[in-house]
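Undergrad: okay, predicted coordinates and the sequence, questions at the end:
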Amino acid sequence: MPPIGTRLDWALVDVAVPRQASRLPGVSMAGFRHRAQALVDIAMVAHPSVTLIVDLSDGEGIVYDLHGRREKGSVFIGLLPGDLRAAGTMGDCLQVRLSPISAAMLFGTSIDLTGTVAALTDVWGPHFEERLRLAPSWNQRFDIVVDVLGRRLSTSPSLDPEVVHTWRRTSTSRGRLRIEHLADETGWSRKRLWSRFRSQLGITPKRAAQLVRFDHAAHLLAAGHSPATTAADSGYADQSHLHREITAFANTTPTALAAAPWLAIDDIAWPTTSVRSCSCVSSACEWRDASRCRFPRTRARPRTE
């Protein structure tokens, strides 16, 4: 099995997050500024979202390798990208995570939402990245993302309410609801729900539940929980079941997954609850306070521009 990746020194990384007012439903954003160049070779960990990574660096940047197919710079990463690795010089970047619902509304059937890694310009065109590069601050970059995505979402066709409900219930239950239960909630047959969900989101309800459950387990392991505790809390039958799922999604072991570099920063970049503002107490400050981080050995540095 390939190593999950080189541990990054998050003390040398500043993390910016949007103001609350600039958030869009189903869209999360974070900016990463590396104060010292770092060579990395990281296995990307599967996450229940479609990811846009905008490379804002002036250097050589990162190369994303999926089974020999390589994309450099800004990329679109679909659900379940498989054995995807990122290697090169880590620089500044903006990462946008889209829920499968938002991604399906934004891109429709123009691109396969699963197992895909593509150049961002092939999916979105060059102007989006150009605007973000010209913006002088993270707040302005976040506003551009909100403007571009918000306008596109407002004119996108809606998905079936039953599909939206099923995804949301799968997400909030951490993948522990059976498809029969979800079908009963929507009033659809199991077969119809399975078919419509897959046609609109590119993934089956069962696979979606497995992905959400894996993500929850990965974060528990990164927070220091044992595999046995993680398996029980995440709804796996036993520790062996957890191990098999981690192998299927990340091609690694629970111990190696717990040390995955990007999981160590998730608590800061993608918080699920509100936190106090930076110690500078400035209303203009856009940097997330890292003092709540559960990973002091990898704590990022909050700062204002």
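TA: Received the coordinates, thanks.

Undergrad: from here on, contacts and neighbour counts on C-alpha atoms
TA: Will do.

Undergrad: so which residues of the protein form helices?
TA: 100-107, 120-124, 127-134, 138-154, 161-172, 179-186, 190-201, 205-222, 227-234, 239-250, 254-258, 266-269 (DSSP state H).

Undergrad: and the fourth one, what's buried?
TA: It refers to helix 138-154. The neighbour-count check on helix 138-154 (16 or more other Cα atoms under 10 Å) flags Trp138, Asn139, Arg141, Phe142, Asp143, Ile144, Val145, Val146, Gly150, Leu153 as buried.

Undergrad: let me have the residues you listed in CSV, extended by pLDDT and distance to His241.
TA: Shown next, in CSV, are the buried residues of helix 138-154 (pLDDT from 0 to 100; distance: Cα to Cα, whole Å):
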residue, pLDDT, distance to His241
Trp138, 94, 42
Asn139, 93, 43
Arg141, 95, 42
Phe142, 94, 40
Asp143, 93, 43
Ile144, 95, 43
Val145, 95, 39
Val146, 94, 40
Gly150, 93, 40
Leu153, 92, 38
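
Undergrad: pick out the most distant pair among those residues.
TA: Spatially, the most separated pair among the buried residues of helix 138-154 is Trp138 and Leu153, at 21.9 Å (Cα to Cα).

Undergrad: hang on, isn't Leu120 packed against Val75?
TA: Yes: using Cα atoms under 8 Å, Leu120 is in contact with Val75, at 4.4 Å.

Undergrad: I'd like the helices of the chain as a markdown table, with distance to Leu52 appended.
TA: A markdown table is the format used below for these (distance: least, Cα to Cα, whole Å):
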| stretch | distance to Leu52 |
| --- | --- |
| helix 100-107 | 10 |
| helix 120-124 | 7 |
| helix 127-134 | 11 |
| helix 138-154 | 11 |
| helix 161-172 | 20 |
| helix 179-186 | 29 |
| helix 190-201 | 17 |
| helix 205-222 | 18 |
| helix 227-234 | 28 |
| helix 239-250 | 20 |
| helix 254-258 | 22 |
| helix 266-269 | 15 |
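
Undergrad: quick one: which of the ones you listed is nearest Val40?
TA: That would be helix 254-258 among the helices of the chain, by Cα to Cα, at 16.3 Å.

Undergrad: export the closest one as CSV, just CAs?
TA: Extracted in CSV, the C-alpha atoms of helix 254-258 (Å, rounded to 0.1, in the frame of the first residue of the first chain):
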residue,chain,number,x,y,z
PRO,A,254,-6.5,2.7,10.0
THR,A,255,-3.2,3.7,11.6
ALA,A,256,-1.9,5.3,8.4
LEU,A,257,-5.2,7.0,7.7
ALA,A,258,-5.2,8.6,11.2
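
Undergrad: mind giving me the packing neighbours of that helix?
TA: Packing partners of helix 254-258 (3 or more Cα pairs under 8 Å, 6 or more residues apart in numbering; DSSP states H and E): helix 205-222, helix 239-250.

Undergrad: just checking, what packs against the longest one?
TA: Think helix 205-222. Using 3+ Cα pairs under 8 Å, 6+ apart, helix 205-222 sits against helix 161-172, helix 190-201, helix 227-234, helix 239-250, helix 254-258.

Undergrad: so can I have a markdown table of those helices showing distance to Val50, mean neighbour count and mean pLDDT?
TA: Shown next, in a markdown table, are the helices and strands packed on helix 205-222 (distance: least, Cα to Cα, whole Å; neighbours: other Cα atoms under 10 Å; pLDDT from 0 to 100):
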| stretch | distance to Val50 | mean neighbour count | mean pLDDT |
| --- | --- | --- | --- |
| helix 161-172 | 14 | 18 | 96 |
| helix 190-201 | 11 | 18 | 95 |
| helix 227-234 | 22 | 18 | 96 |
| helix 239-250 | 15 | 18 | 94 |
| helix 254-258 | 20 | 20 | 91 |
